[in-house]
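**Student:** What follows is a predicted structure for the sequence shown.
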Amino acid sequence: MSLWLPSAPCTPTACVETGTRSTTAVPRAVLRLTLVVFLVLAGVALSPLGARIPAGWVRRWCRAVVRASGVRVRFTGAAPPTGGLLLVANHISWLDVPLLAAVRPARMLAKTEIRGWPVAGALAARGGALFIERDRLRALPATVAHIAGELRAGAAVAAFPEGSTWCGRAQGAFHRAVFQAALDAGVPVQPVRIRYLSHSGGAASTAPAFVGDDSLITSLWRVATARGLVAEVDVRPVLPPGTCPDRRTLALAARQELPDGRDHGADPSSTPTRGHALAGQASAGHASAGHAPAGAATRPPRPQVPAQTLRTVCRDSA
């Protein structure tokens, strides 16, 4: 486990639904994945060399990639503000990246290893990704300062503060470091909630979840063979500068704007949602081996404060 990349307890076997597939699922999936590959390669080929991709182009391209994979998208909420902005969202799937970029094109925080990936690395670099060394604690102050500098310069920076993907039936706590950058730069924080449904107005689906030891190919195929998947992207109320006095309360305020799922990161001793990988383990007095710090299940639960109350507390303590 590292500071920037903690492990979530979700696993493909315990959490991810495969769904039923018709006889047309395979040819449909092949067509969808062909379109996705074409769009990704076209994005690399047509993006300006040595320059970042224009924001409007990024937004349209991201929506096209998600739609080509067979997922319909529904956006709700107000448009995010212009200027320096920290966008934060819960993290479920690889689909979250283009979905968040479609809200407002931003410099995405990404681990340094992605820079060396074929195709994806070049696309991320040309898209203005901020590559960070998540396993080096010594690099944290410089990383926060670099992010704050980008925010002061008027850039939008996007991050998934959970640090790892969760299945959507449960969510992790928001880690605080990136919120310090927003405080230092004096910019607003824009929470964004992402959900996946089995169909429009239907039940939540874990089919798009990319968790545990799941491979990208397996996840891509599962999404492409699914029918009727809908991604709901809800732009929550913005947290203006000065709303919260420190990174802890700011991280809590942003996290409380994303109420779906049970927050196991904030309350390891809580009873997990039925069907989740942790189901039945809390009562046994231990968390999944290798996924939670020793003794996590014995810590007293942290109180869950309603979002409106938390924002009021933040304002009063500022």
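**Tutor:** Ah, there it is.

**Student:** Only C-alpha atoms from now on, for both contacts and neighbour counts.
**Tutor:** Noted.

**Student:** Which residue ranges of the stretch 1-150 of the chain form strands?
**Tutor:** 72-77, 85-89, 107-111, 130-132 (DSSP state E, counting those that start in this stretch).

**Student:** could I get those as JSON lines with distance to R138, mean neighbour count and mean pLDDT?
**Tutor:** Output for the strands of the stretch 1-150 of the chain, formatted as JSON lines (distance: least, CA to CA, whole Å; neighbours: other CA atoms under 10 Å; pLDDT from 0 to 100):
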{"stretch": "strand 72-77", "distance to R138": "38", "mean neighbour count": "14", "mean pLDDT": "94"}
{"stretch": "strand 85-89", "distance to R138": "23", "mean neighbour count": "27", "mean pLDDT": "97"}
{"stretch": "strand 107-111", "distance to R138": "15", "mean neighbour count": "20", "mean pLDDT": "87"}
{"stretch": "strand 130-132", "distance to R138": "12", "mean neighbour count": "20", "mean pLDDT": "86"}
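
**Student:** For those, please prepare TSV with the additional fields distance to R63.
**Tutor:** As requested, these are arranged in TSV below (distance: least, CA to CA, whole Å):
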stretch	distance to R63
strand 72-77	8
strand 85-89	17
strand 107-111	16
strand 130-132	21
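
**Student:** For L250, which of these is the nearest?
**Tutor:** strand 85-89 (11.5 Å; CA to CA).

**Student:** Only alpha carbons, please: show the closest one as CSV.
**Tutor:** The C-alpha coordinates for strand 85-89 follow below in CSV (Å, rounded to 0.1, in the frame of the first residue of the first chain):
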residue,chain,number,x,y,z
LEU,A,85,-10.5,24.4,-10.3
LEU,A,86,-10.0,21.1,-8.6
LEU,A,87,-12.4,18.4,-9.9
VAL,A,88,-12.7,15.4,-7.6
ALA,A,89,-14.8,12.3,-8.2
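
**Student:** Just the buried positions in the host helix or strand of L220, please.
**Tutor:** Secondary structure from DSSP states H and E places L220 in helix 216-225. Within helix 216-225, the residues that count as buried by 16 or more other CA atoms under 10 Å are S219, L220, W221, R222, V223, A224, T225.

**Student:** roughly how far is the longest strand belonging to the chain from the heart of the chain?
**Tutor:** Among the segments of the chain that qualify as a strand by DSSP state E, the longest is strand 189-197. Centroid displacement of strand 189-197 relative to its chain, using CA atoms, centre = their mean, to the nearest Å, is 8 Å.

**Student:** Right, I'll leave it there.
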